[in-house]
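1. let me see the structure of the following:
(chains A and B)
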Amino acid sequence: DAGVIQSPRHEVTEMGQEVTLRCKPISGHDYLFWYRQTMMRGLELLIYFNNNVPIDDSGMPEDRFSAKMPNASFSTLKIQPSEPRDSAVYFCASTRREGSYEQYFGPGTRLTVT
Amino acid sequence: QQQVKQSPQSLIVQKGGISIINCAYENTAFDYFPWYQQFPGKGPALLIAIRPDVSEKKEGRFTISFNKSAKQFSLHIMDSQPGDSATYFCAASKKTGANNLFFGTGTRLTVIP
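-> All right, here's what the predicted structure looks like:
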């Protein structure tokens, strides 16, 4: 199993540009989570999906952030327009079924907005 | 607000020593308490987990101690090794709903030879 795949691994962009982060969960996993990690705030849950449907997006910072999961094997997190304070490492994680609890994390995307 | 509080923020331990990281929570609906380990440049990975029906769980050199009445749990790393140097996150999850975890702020452990 390849694990959770994220791309790109690193992204450097200028303020105001659109950024799209991508995630491929582990095959057969029903839940997908997007997290943001910063030194100041640690790991924050942004949004999660169950069977491709967004369940809780209360962690999304503001309307500049949006996430989609068009099918069971692909999800995107988009920031438009990006701002310097969005600089962070963004993780995608997946888990198999409700109650299994263990989340498998991808390697993350390090985003730098200048 | 932070649902799971973790301390210390950083920890330096001599090789062979015991590393102890503490976490506290308020929400009694939490029923699953995992610890995740993260190496630089990698995503967090599950290390060990406990449910509130037991007070201790041990896996190799790693032990979780759980105090339900105090709403506290801790990770003990016995015979700490330089390879244990990483960031450790405690977390908690609720009985109902999905698998969303509430993470502590992390502890950066450095084990010096």
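
2. where in the chain is pLDDT low?
-> With no chain named, the answer covers chain A. Low-confidence regions of chain A, defined by pLDDT under 70, span residues A:1, A:98-100.

3. my bad, chain B
-> Looking at chain B by pLDDT under 70, you get B:1, B:95-99.

4. mind listing the helices for it?
-> Along chain B, counting by DSSP state H, no stretch forms helices.

5. by proximity to chain B, which residue of chain A wins?
-> residue A:105 (3.1 Å; Cβ to the nearest Cβ). C-betas here are computed from N, CA, C, even on glycine.

6. what is the burial count for the closest residue to that residue other than its chain neighbours?
-> Leaving aside its chain neighbours, residue A:105 sits nearest to residue B:43 (3.1 Å; criterion: Cβ to Cβ, 6 or more residues apart in numbering or on different chains). A count of nearby residues for residue B:43, using other Cβ atoms under 10 Å in any protein chain shown, gives 22.

7. ok, now the one 10 residues further on?
-> Counted with other Cβ under 10 Å, residues neighbouring residue B:53 total 8.

8. distance check, it against residue B:4.
-> The spacing between residue B:53 and residue B:4, counted by Cβ to Cβ, to the nearest Å, is 19 Å.

9. and what of residue A:56?
-> Look at residue A:56 and residue B:4: by Cβ to Cβ, they are 17 Å apart.

10. who's more crowded, those two?
-> Between residue A:56 and residue B:4, counted using other Cβ under 10 Å, the more crowded position is residue B:4 (22 against 16).

11. mind listing the residues bridging to the more buried one?
-> Bridge pairing for residue B:4 (DSSP bridges) gives the partners residue B:25.

12. who's in contact with the closest residue to chain A within chain B?
-> Nearest residue of chain B to chain A, counting by Cβ to the nearest Cβ: residue B:43, 3.1 Å away. Residues near residue B:43 by Cβ atoms under 8 Å, 6 or more residues apart in numbering or on different chains: A:4, A:91, A:93, A:105, A:106, A:107, A:108.
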